[in-house]
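A.B. asks: Compute the structure for the input listed below.
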Amino acid sequence: MPMHLALDHDGLILSAGATLNRLMGEGGLVGARFADHFDLRHEAGAATVPGLLATSGARLQLGARGRADLAFRGLAVPMGPGEGALVNLSFGIGVVEAVRRFALTEADFAPTDLTVELLYLYEAKTAVLDELRALNARLQGDKVVAEEQALTDALTGLRNRRGLDLAAEVVADPDFALVHLDLDLFKQVNDEMGHAAGDHVLLVVARILREESRKGDTVARIGGDEFVILMPGLTDPAAALTRVERIIARLSEPIDYADAQARIGASAGVVLSSTADGADMTRLLAQADAALYVAKRAGRGRAFLWGPDMAVE
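C.D. replies: Here you go, the predicted structure:
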């Protein structure tokens, strides 16, 4: 047995298990005195080696002398009058920590030792808990992915209307500019070059809108060729129109597709929350849409700022 001691009637160690020898240090235990290497205590109080040798079935608590980190539980069985005793040791409830600290393996325990069963149960529990943690992480990851997908336009990767509404709810700055942008001539691209070309154009538009946006802006696709940009902190009408006009200029540039070029444009309506009398998001979008309608009627490729004189449906 890897964790045993055999003592003669004077407390001299006659034999010791390989694991015990390894744990107690080089030189081995055989030939040494038990009291020189172990501090002995019964569960009921202090004990002596003679008491150990005379007590049948004594349950022990042992400490390695000079090793506060190494403790054992054991059972002592006298071998006969004047013949010494056999002591079988284990780590008790500290077995898991002992296995980790001293790199123990199955070879360090007797096959019939209940400690082996405990280790099997511990390993099984650990494996189950690890799998449950991994499953929980996967489920949490899937939840995050699903939530993100629910807020994202599938084609362009921009926010969708739901994502826009959420961004508007959590925006830190109560003053912002809202831009409703609609592509010009996009229907012709779809009709003349096909829907694949149309999808390619929408992806390019999305890229341009991202490039022209600041950190903290929200860009959303809310319809086939309709986009909205939420610009927190932008309260100056001239600055807002300048930014939108720069976007329109970039969108008017030819877009390469296969061996051809697609040409589109954009018109936009802009509304400032600071001039909208605390209107909610639905009302602000309606006002931006009214300004967009004016831009379309004025000849496309333009941006107009909403004003009270513009009819809102």
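A.B. asks: What is the burial count for Val228?
C.D. replies: When neighbours are defined as other C-beta atoms under 10 Å, Val228 has 27 of them. All C-beta spots, glycine's among them, are computed from the backbone N, C-alpha and C.
A.B. asks: what do you get for Ala68?
C.D. replies: Going by other C-beta under 10 Å, the residues that sit close to Ala68 add up to 8.
A.B. asks: Distance check, it against Asp39.
C.D. replies: Distance from Ala68 to Asp39, counting by C-beta to C-beta, to the nearest Å: 10 Å.
A.B. asks: give me every residue that touches the nearest residue to Leu12 once chain neighbours are set aside.
C.D. replies: Take Leu12 and drop its neighbours on the chain: the residue closest to it by C-beta to C-beta, 6 or more residues apart in numbering is Arg33, 5.9 Å away. Applying C-beta atoms under 8 Å, 6 or more residues apart in numbering, one finds that Arg33 lies in contact with Asp10, Gly11, Leu12, Ile13.
A.B. asks: my guess is Leu70 meets Ala64, correct?
C.D. replies: Yes. Here Leu70 reaches Ala64: they are 4.0 Å apart, a contact under C-beta atoms under 8 Å.
A.B. asks: any residues in contact with both of these two?
C.D. replies: In contact with both Leu70 and Ala64: Leu23, using C-beta under 8 Å, 6+ apart.
A.B. asks: Relative to Asp8, how far out is the residue nearest to Leu12?
C.D. replies: Arg33 is 10 Å from Asp8, by C-beta to C-beta.
A.B. asks: do the same with Pro308
C.D. replies: 108 Å.
A.B. asks: for Thr242, same thing?
C.D. replies: From Thr242 to Asp8 the distance is 100 Å (C-beta to C-beta).
A.B. asks: quick one: which of those two has more around it?
C.D. replies: Using other C-beta under 10 Å, the more surrounded residue of Thr242 and Asp8 is Asp8, with 15 against 11.
A.B. asks: Skipping adjacent residues, who's closest to that one in space?
C.D. replies: Closest to Asp8 by C-beta to C-beta, 6+ apart is Gly84, at 4.3 Å.
A.B. asks: Can you get me a residue count around that neighbour?
C.D. replies: 22.
A.B. asks: Low-confidence regions, the stretch 201-313 of the chain specifically.
C.D. replies: Counting by pLDDT under 70, the ranges of the stretch 201-313 of the chain that qualify are 276-279, 313.
A.B. asks: can you do 90?
C.D. replies: In the prediction, the stretch 201-313 of the chain carries residues with pLDDT under 90 at positions 215-216, 235, 258-259, 273-284, 299-300, 307-313.
A.B. asks: show me where it has strands.
C.D. replies: With DSSP state E, counting those that start in this stretch, the ranges of strands along the stretch 201-313 of the chain come out as 218-221, 226-232, 255-257, 260-262, 265-272, 303-305.
A.B. asks: contact partners of the fifth one?
C.D. replies: Taking contacts as C-beta under 8 Å, 6+ apart, the residues outside strand 265-272 that touch it are 175-185, 234-235, 237, 240-241, 244, 247-248, 251-252, 284, 287-296, 300-306.
A.B. asks: Just the buried ones among those residues, please.
C.D. replies: 176-185, 234-235, 237, 240-241, 244, 247-248, 251, 284, 287-296, 300-306 (16 or more other C-beta atoms under 10 Å).
A.B. asks: how far does stretch 8-22 stretch from start to finish?
C.D. replies: 21 Å (C-alpha to C-alpha, to the nearest Å).
A.B. asks: Which helix or which strand is home to Gly80?
C.D. replies: Using DSSP states H and E, Gly80 is not contained in any helix or strand.
A.B. asks: ok, now how distant is Ala134 from Gly141?
C.D. replies: 10 Å.
A.B. asks: How about Ser267, nearest residue that isn't a chain neighbour?
C.D. replies: Ser267 sits nearest to Ala295 (C-beta to C-beta, 6+ apart), 4.2 Å away.
A.B. asks: Need the distance between the two termini of stretch 13-31.
C.D. replies: Note: stretch 13-31 ends 5 Å apart using C-alpha to C-alpha.
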